[in-house]
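Undergrad: Predicted model, plus sequence, below.
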Amino acid sequence: MSSLKSIRLPASANLKLLLVVLAFAIVAGTLWFTQQLVNDLRQAERKTIELYGKTLQELINDENADPSSTPALNLAVDLVTTIEFPMMLTDAEKKPSIQTLPDGRTEVVGKYLDYDTTATPEQQLKQAEALVKDMEEAYDPIIVYTFTLRDTVIRVPVPPPLATDSASDSAASPALMAAPFITKTIQLRDSIISNYIFYDDSKALQQLSMLPYVELTIVAMFILVGYIGFSHVKRNEQSNIWVGMAKETAHQLGTPLSSLMGWIELLRYMPDDPPQVLEAAAEMERDIERLNRVAHRFSKIGSAAELKPVNLNEVLTTIMAYFQRRLPNIGRKVIITLDAPEPVYSAINVELFEWVLENLVRNAADAIDRPEGTIHFRLRRIRDLAVIDVQDNGRGIDPKIRKDIFRPGFSTKQRGWGLGLSLARRIVEEYHKGKITIKDSSSAGTTFRIRLKATEG
């Protein structure tokens with residue numbers, strides 16, 4: 001059980017899970033909001049058609065009013081003009097009505113009905129009947145009643161007489177007792193179905209109800225395309241990283257191995273020269289130490305690096321000494337200088353940080369396209385930061401590609417693999433919690449700036 005508790009999802013998996021939950025929340029919120037809006041519009045349309053039915057019912061049953069000027073008629077006309085959804089008036093048998101217009105054309109009594117107005121009255125009637133069935137499946141129709149009055153005779157019991165002592169009351173009492181009920185004529189109102197009003201959703205409402213599904217389809221397609229593109233880019237970057245790591249390994253191992261091969265050849269030709277043998281042994285020891293350092297560097301990639309307070313002046317001096325013996329071999333004169341007025345300490349991993357400085361020096365040397373080049377280290381402590389500037393007098397970096405130079409796989413060199421600056425940034429920012437940036441760059445040269453947290457020596 002304890003082993004199960006110790007299992008943790010990686011950060012990328014947590015991020016993906018969070019994005020999935022967020023996506024479902026957005027989808028649910030969109031569907032809920034759109035459905036609420038659709039329901040509100042449907043209720044508004046229902047109230048409009050119910051009001052129209054009541055108004056029409058009042059017109060039908062108002063026999064004494066002038067049909068041309070009643071308020072109900074005016075209201076009915078206003079309601080019809082505001083209705084923007086399909087509706088149809090039928091008789092009590094749910095049969096559509098066909099009316100003849102003044103120009104001789106015929107049409108179904110209704111509004112926004114989808115049928116062929118050029119067809120014959122019989123064909124129009126069939127199409128209208130099919131529309132009635134469709135609208136009846138969608139919503140219950142509004143019923144319009146006609147009210148009629150009819151006379152009805154009823155028997156009403158006679159109330160008992162009041163108790164009195166008079167003789168006349170006594171004489172009348174038997175007659176009343178003989179007829180305990182009397183008849184009355186009253187009027188009852190009967191309601192008869194006169195018409196039905198069928199209706200359906202407006203086109204705008206139908207489109208609105210489909211809107212969330214269209215949006216979700218578009219979003220799903222966008223996410224799918226984005227995911228495929230992102231996966232493709234990620235795979236390419238990973239491939240570039242693996243290729244770059246392989247080449248960087250070969251490059252790191254190549255220099256000391258070549259040196260060892262040279263010293264071995266020297267020992268073969270001068271085995272009896274003790275001073276030369278001792279010098280070769282010392283140099284071979286340095287190369288083996290270099291190989292061991294390279295192995296340690298690669299072993300630390302991906303694992304927690306041990307940081308210790310170190311004098312950065314000494315680290316820069318070591319890098320200068322290493323490259324001063326090798327830069328003359330690139331075919332032009334390159335001078336490395338250091339400006340460090342006082343010791344500056346920072347908690348670093350020396351092996352990894354030397355890797356950063358070596359990459360910056362190599363890039364600086366490659367960028368120098370003049371007979372005499374300079375690479376200048378400048379070390380300062382600014383408040384609680386240790387600041388290192390690496391300046392060269394090379395050709396500079398094109399402003400268009402400055403944002404890409406730290407990206408894995410990006411390189412301006414014909415045979416470059418685009419890993420040096422990417423590794424440098426990762427070592428500085430992820431392992432040392434520092435920052436590496438381009439301070440400035442022009443045709444006169446480029447300056448990289450490294451900022452680390454300063455410590456006491």
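TA: Nice, I can see it.
Undergrad: Can you give me the neighbour number for Arg362?
TA: Residues lying near Arg362 (other CB atoms under 10 Å) number 16. From N, CA and C alone the C-beta is placed, and that goes for glycine too.
Undergrad: can you tell me the helix or strand for it?
TA: Arg362 belongs to helix 350-367 when assigned by DSSP states H and E.
Undergrad: Now do that helix: which elements does it pack against?
TA: Where contact means 3 or more CB pairs under 8 Å, 6 or more residues apart in numbering; DSSP states H and E, helix 350-367 is packed against helix 274-300, helix 312-324, strand 372-382, strand 385-392, helix 420-425, strand 445-455.
Undergrad: how distant is that helix from the center of its chain?
TA: 40 Å (CA atoms, centre = their mean, to the nearest Å).
Undergrad: quick one, it and strand 445-455 angle?
TA: Interaxial angle of helix 350-367 relative to strand 445-455 (axes from the mean of the first three to the mean of the last three CA atoms, to 10 degrees): 170 degrees.
Undergrad: which secondary element of this structure has the worst mean pLDDT?
TA: Ranked by mean pLDDT, DSSP states H and E, the helix or strand of the chain with the weakest confidence is helix 2-5, at a mean of 38.
Undergrad: Can you give the contact residues for stretch 210-228?
TA: Outside stretch 210-228, the residues that touch it by CB atoms under 8 Å, 6 or more residues apart in numbering are 23, 27, 30-31, 34-35.
Undergrad: ok, now with 7 Å
TA: 27, 30-31, 34 (CB atoms under 7 Å, 6 or more residues apart in numbering).
Undergrad: do stretch 309-324 as well
TA: With CB under 7 Å, 6+ apart, stretch 309-324 has contacts from 336, 338, 340, 343-348, 350, 353-354, 357-358, 361, 377, 379, 386, 388, 455, 457.
Undergrad: returning to that earlier point: mind checking what helix or strand follows the least confident helix or strand of the chain in sequence?
TA: Helix 2-5 is succeeded, C-terminally, by helix 11-61 (DSSP H and E).
Undergrad: thinking again about what came up before, and the buried ones among the contacts of stretch 309-324, selectable in PyMOL?
TA: Applying 16 or more other CB atoms under 10 Å to the contacts of stretch 309-324, the buried members can be selected in PyMOL as follows:
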select buried, resi 336+340+344+345+346+347+348+350+353+354+357+358+361+377+379+386+388+455
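Undergrad: quick revisit: turn the contacts of stretch 210-228 into CSV, columns for pLDDT and neighbour count.
TA: Listed next are those as CSV, based on pLDDT from 0 to 100; neighbours: other CB atoms under 10 Å:
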residue, pLDDT, neighbour count
Val27, 80, 15
Thr30, 83, 16
Leu31, 83, 14
Thr34, 85, 17
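Undergrad: could these go into JSON lines alongside distance to Glu289?
TA: Output for the contacts of stretch 210-228, formatted as JSON lines (distance: CB to CB, whole Å):
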{"residue": "Val27", "distance to Glu289": "60"}
{"residue": "Thr30", "distance to Glu289": "64"}
{"residue": "Leu31", "distance to Glu289": "66"}
{"residue": "Thr34", "distance to Glu289": "70"}
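Undergrad: From those residues, pick the one nearest Ser258.
TA: Nearest to Ser258 among the contacts of stretch 210-228, counting by CB to CB, is Val27 at 60.7 Å.
Undergrad: Looking at the helices and strands packed on helix 350-367, which is nearest to Phe85?
TA: That would be helix 420-425 among the helices and strands packed on helix 350-367, by CB to CB, at 61.9 Å.
Undergrad: packing partners for the closest one?
TA: Secondary-structure packing of helix 420-425 (3 or more CB pairs under 7 Å, 6 or more residues apart in numbering; DSSP states H and E): helix 350-367.
Undergrad: pLDDT (mean, whole number) over stretch 105-120?
TA: Confidence over stretch 105-120 (mean pLDDT, whole number) is 84.
Undergrad: who touches it?
TA: Outside stretch 105-120, the residues touching it (CB under 7 Å, 6+ apart) are 80, 83-89, 96-101, 121, 123-124, 127-128, 131.
Undergrad: Got the confidence number for Lys413?
TA: Per the predicted model, pLDDT is 65 at Lys413.
Undergrad: Ignore what I typed, I meant Leu131.
TA: The model's pLDDT for Leu131 equals 92.
Undergrad: Given the longest strand anywhere in the chain, what are its sheet partners and their directions?
TA: Secondary structure of the chain per DSSP state E: the longest strand is strand 181-199. The sheet places strand 181-199 alongside strand 87-91 (antiparallel), strand 142-157 (antiparallel), with pairing taken from DSSP bridges.
Undergrad: In CSV: those, plus mean pLDDT, mean neighbour count and distance to Ile438.
TA: Formatted as CSV, the strands paired with strand 181-199 follow (pLDDT from 0 to 100; neighbours: other CB atoms under 10 Å; distance: least, CB to CB, whole Å):
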stretch, mean pLDDT, mean neighbour count, distance to Ile438
strand 87-91, 89, 21, 70
strand 142-157, 82, 12, 75
